[in-house]
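In: please work out how this folds:
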Amino acid sequence: MFFNNTNLRYNRFSDYLRNLYGVKVYKVTLDAGFTCPNRDGTISNEGCIFCDGGGSFSQLYPHDISIKEQLDLGIKLSKEKYKAQKFLAYFQAYSNTYKPVNELQKIYDDALSHEEVIGMNIGTRPDCVDDEKLDLISDYSKNYYVWLEYGLQSIHEKSLKFINRGHSFETFVKALKETQKRNINVCAHVILGLPNETREDMLQTAKVLGDLGIDGVKIHLLCVLQNTRLTKLYYQGKIPMMEEDEYVETACDFLELLPPSVTIHRLAGNGLKPNMLAPAWLSKKFVVLNKIDKLLEQRNSYQGAKL
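Out: Numbers count the residues shown, from 1 in each chain. Okay, the predicted model is just below:
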């Protein structure tokens with residue numbers, strides 16, 4: 001089984017968008033000046049143990065400029081590098097619903113007023129939405145292509161506590177259901193390789209997300225960045241890193257348990273973090289992706305094959 005008129009055996013988001021719009025669509029990452037309740041003292045001052053203080057923002061251009069300037073620069077670069085023709089504003093840094101609704105509306109309006117932007121992806125936490133915010137985002141989805149991306153990381157409470165996530169799986173489920181009521185696309189971020197999780201634990205996350213009717217999944221591998229709380233544990237030998245082949249096998253297993261309709265927003269690292277300590281192989285994005293493609297082919301398998 002192949003997806004989106006490609007030879008890939010999984011539903012890659014970029015190909016899904018090309019099929020949907022007929023041209024290359026690119027997500028332009030933005031830092032709109034948000035923070036996080038897990039860093040500003042509302043929940044804690046420490047944040048998740050893997051966060052390096054950049055709020056997951058990893059773009060190469062300066063982020064201390066206006067949203068319009070960020071979009072202008074990001075669009076120019078992606079036109080040159082990827083030949084993109086349509087663009088999504090990707091609010092990536094920190095928790096991008098963590099402001100009052102009137103401020104959110106000004107920020108989102110600013111991005112969507114750009115003549116080349118067709119929609120937006122909003123990265124946030126499931127404990128940073130409420131009915132008023134979801135209603136606002138739902139209104140945008142009537143005229144624009146909109147995704148809410150929730151950082152879940154794992155369905156297992158032991159893992160959420162270990163990484164100091166600051167919310168429960170139940171909180172995610174509640175936010176997901178309220179978002180689905182409003183017909184907003186939802187992508188869940190998950191991390192493979194969390195300490196004390198077996199492969200079956202990781203695969204259970206795939207099964208549960210599929211059962212919940214998730215629209216998209218972004219798959220990360222646990223990695224150690226400098227100046228994080230994870231750094232000390234790593235140097236103490238308390239954080240085992242997944243080997244490349246183990247990750248490839250687990251990722252394929254994970255894909256086989258996701259419904260074919262689920263779009264895969266990420267499947268390997270992009271190597272943009274200059275302060276990444278481990279694992280070194282994660283920066284070889286295309287090597288990893290090629291290995292995943294090859295293993296699925298060897299198995300004669302595909303996304304959703306084991307449902």
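In: so Val288 makes contact with Tyr247?
Out: Yes - with contacts counted by Cβ atoms under 8 Å, Val288 reaches Tyr247, the gap being 7.2 Å. All C-beta spots, glycine's among them, are computed from the backbone N, C-alpha and C.
In: just want to know which of those two has more residues nearby.
Out: Per other Cβ atoms under 10 Å, whichever of Val288 and Tyr247 has more neighbours is Tyr247, with 24 against 20.
In: what pLDDT does the model give the more buried one?
Out: Tyr247 carries a pLDDT score of 97 in this model.
In: please apply the same query to Ser58.
Out: With respect to pLDDT, Ser58 scores 56.
In: what about the helices in this protein?
Out: 13-21, 67-82, 101-112, 131-141, 157-162, 169-181, 199-211, 229-235, 244-256, 285-299 (DSSP state H).
In: go through those helices and pick out the most buried.
Out: Most buried of those, by mean neighbour count (mean count of other Cβ atoms under 10 Å): helix 244-256, with a mean of 20.
In: dump it to CSV, restricted to CA.
Out: Once non-C-alpha atoms are left out, helix 244-256 reads as follows in CSV (Å, rounded to 0.1, in the frame of the first residue of the first chain):
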residue,chain,number,x,y,z
GLU,A,244,19.5,3.6,15.3
ASP,A,245,18.3,0.2,14.2
GLU,A,246,16.1,-0.2,17.3
TYR,A,247,14.5,3.2,16.6
VAL,A,248,13.9,2.2,12.9
GLU,A,249,12.2,-1.1,14.0
THR,A,250,10.1,0.6,16.6
ALA,A,251,9.1,3.4,14.3
CYS,A,252,7.9,0.8,11.7
ASP,A,253,6.0,-1.1,14.4
PHE,A,254,4.4,2.2,15.5
LEU,A,255,3.4,3.1,11.9
GLU,A,256,1.8,-0.3,11.4
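In: which residues touch that helix?
Out: Residues from elsewhere that reach helix 244-256, judged by Cβ atoms under 8 Å, 6 or more residues apart in numbering: 9-10, 192-193, 199, 202-203, 205-206, 219, 221, 242, 264, 267-268, 279, 281, 288, 291-292, 295-296, 299, 301-307.
In: and the gap between Met1 and Gln105?
Out: Between Met1 and Gln105 the distance, using Cβ to Cβ, to the nearest Å, works out to 42 Å.
In: and for Lys232?
Out: 41 Å.
In: could you do Glu132 as well?
Out: Taking Cβ to Cβ, one finds Glu132 at 11 Å from Gln105.
In: then Ser283?
Out: For Ser283, the distance to Gln105 (Cβ to Cβ) stands at 38 Å.
In: next, count neighbours for the residue nearest to Leu267 when sequence neighbours are not counted.
Out: Nearest-residue entry for Leu267: Ile219, 5.4 Å, with adjacent residues in sequence omitted and distances by Cβ to Cβ, 6 or more residues apart in numbering. Using other Cβ under 10 Å, Ile219 has 23 neighbouring residues.
In: mind checking how far Ile219 is from Lys106?
Out: In terms of Cβ to Cβ, Ile219 sits 33 Å off from Lys106.
In: again with Met276
Out: For Met276, the distance to Lys106 equals 35 Å [Cβ to Cβ].
In: try Lys285
Out: Noted for Lys285: a distance of 35 Å to Lys106, by Cβ to Cβ.
In: next, the residue located most distally from the centre of the chain: phi, psi?
Out: Distance from the C-alpha centroid of the chain, by Cα atoms, centre = their mean, peaks at Gln236 (28.7 Å). Here is the backbone geometry of Gln236 (degrees, to the nearest 10): phi -80, psi 0.
In: how about low-confidence regions in the stretch 151-300 of the chain?
Out: Within the stretch 151-300 of the chain, the stretches with pLDDT under 70 are 270-273.
In: again, only using 80
Out: For the stretch 151-300 of the chain, the stretches with pLDDT under 80 are 269-275.
In: verify the stated contact: Gly304 with Ile264.
Out: No - using Cβ under 8 Å, Gly304 is not in contact with Ile264, being 11.4 Å away.
In: the two: who's more crowded?
Out: Per other Cβ under 10 Å, whichever of Gly304 and Ile264 has more neighbours is Ile264, with 24 against 19.
In: OK, contacts around the more buried one?
Out: Going by Cβ under 8 Å, 6+ apart, Ile264 touches 10-13, 216-219, 255, 258, 303.
In: just Leu194 next, same as before
Out: Residues in contact with Leu194, defined by Cβ under 8 Å, 6+ apart, are 153-154, 159, 162-163, 202, 222.
In: now render the residues you listed as CSV, adding distance to Gly47.
Out: Output for those, formatted as CSV (distance: Cβ to Cβ, whole Å):
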residue, distance to Gly47
Gln153, 13
Ser154, 17
Ser159, 16
Phe162, 14
Ile163, 10
Met202, 23
Leu222, 15
